[in-house]
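Participant: Here's a sequence, model it:
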Amino acid sequence: RAAACAADRSTMTTPSNAPHALHGLSSFVYGTTRLGDGAIDFGERVRTARAAMDHGVWFHTSHQYGDALAVLRAAFDEDRGRVPRLIFKIGWNSVAEVRSTVEKLTREVGIEHMDIGQLCLDGELAKDFAAGGASVGELHELRAEGKVGRFVLQVFPWTSHVALAALRGGHARGLIDGYIFYLNPLQRFATNALWDLLLETRSPMIAMRTVAGGNVFDLRDVPGAAWKDYLRERAGEVAPIFQRSRVPSWPEFCLRFAHGVPGVRASVGATSKLERLAELVELASRPLAPLAPEDVAALEKLQRRWSDELDVHGTPGSM
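Facilitator: Below you'll find the model as predicted:
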């Protein structure tokens, strides 16, 4: 593992539009949201984390996920030889805050280095970064110090303009190694303009929320299964495409969709169920064929419409 880490870190200055800027990621990344669910016994959550560690996949985490970091610390302390590579959410309003977040989160889980920092830019920092201001150089300096290996930029419909400006202005080159956002059959949280540019520039991407929050039929038909009405409505439009595809399961359909997108390097999914974790890891480890062209075209058409009709009008917490 040490040799692999050294090899990975030797190329961390790969430009953001290079084909392998996010090389080394496991094809499935374990999202730790459910590890912060206090309704689940703490020891059970530690066992889930240990199971994910045994699978050898990367982890994605945040201090925003309840006490997930405490669960991770307990799991890591049980076997420091199996501590996974990690993506952390970091931010928000200044580079000083980014720096303090890096130091705090690595300390909380007992590691010295953050493999990937997911930049969640807000307020004045987002404005300065989009304009190519001083924050760009300061973030370069933070990475040069070795505390963070690589940066990916978090994208929502309401922040897509920041990534779009950085890509168009060249500010992302050599600093941002990829873009991370919800990408599944029901959600594509990059606006149409940004999406088109990401594909045009062959930018590496990490697809979050693998199965869109649940089985498509549950989201469509079970009251309360979809936490927002728009997801229930979208599930109703996607279900016939899924049925027509004859793909055996919804998770496989979602993974084949995401990994069929040029530039997608990994899919992030959260679960507290060991059997679902094993299923996702096993599916993602296969050389999955993309969905049929007609199914991809149908989903792309829906997502372009959804983006213009609803997503661009979204606000934090609304989607």
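
Participant: all contacts plus neighbour counts: C-alpha atoms, from now on.
Facilitator: Noted.

Participant: What ranges in this structure fall below the confidence cut-off?
Facilitator: 1-20 (pLDDT under 70).

Participant: quick one: the strands in it?
Facilitator: Under the criterion DSSP state E, strands of the chain are mapped to 28-31, 58-61, 86-92, 114-121, 148-154, 176-184, 187-188, 205-208, 264-270.

Participant: Kindly reformat those as JSON lines containing mean neighbour count.
Facilitator: Formatted as JSON lines, the strands of the chain follow (neighbours: other C-alpha atoms under 10 Å):
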{"stretch": "strand 28-31", "mean neighbour count": "26"}
{"stretch": "strand 58-61", "mean neighbour count": "23"}
{"stretch": "strand 86-92", "mean neighbour count": "22"}
{"stretch": "strand 114-121", "mean neighbour count": "22"}
{"stretch": "strand 148-154", "mean neighbour count": "24"}
{"stretch": "strand 176-184", "mean neighbour count": "25"}
{"stretch": "strand 187-188", "mean neighbour count": "22"}
{"stretch": "strand 205-208", "mean neighbour count": "26"}
{"stretch": "strand 264-270", "mean neighbour count": "24"}
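
Participant: what would these look like in JSON lines with distance to Arg99?
Facilitator: Shown next, in JSON lines, are the strands of the chain (distance: least, C-alpha to C-alpha, whole Å):
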{"stretch": "strand 28-31", "distance to Arg99": "23"}
{"stretch": "strand 58-61", "distance to Arg99": "17"}
{"stretch": "strand 86-92", "distance to Arg99": "8"}
{"stretch": "strand 114-121", "distance to Arg99": "10"}
{"stretch": "strand 148-154", "distance to Arg99": "10"}
{"stretch": "strand 176-184", "distance to Arg99": "16"}
{"stretch": "strand 187-188", "distance to Arg99": "29"}
{"stretch": "strand 205-208", "distance to Arg99": "23"}
{"stretch": "strand 264-270", "distance to Arg99": "24"}
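
Participant: among those, which is nearest Ala284?
Facilitator: Closest approach to Ala284 among the strands of the chain (C-alpha to C-alpha): strand 28-31, 5.7 Å.
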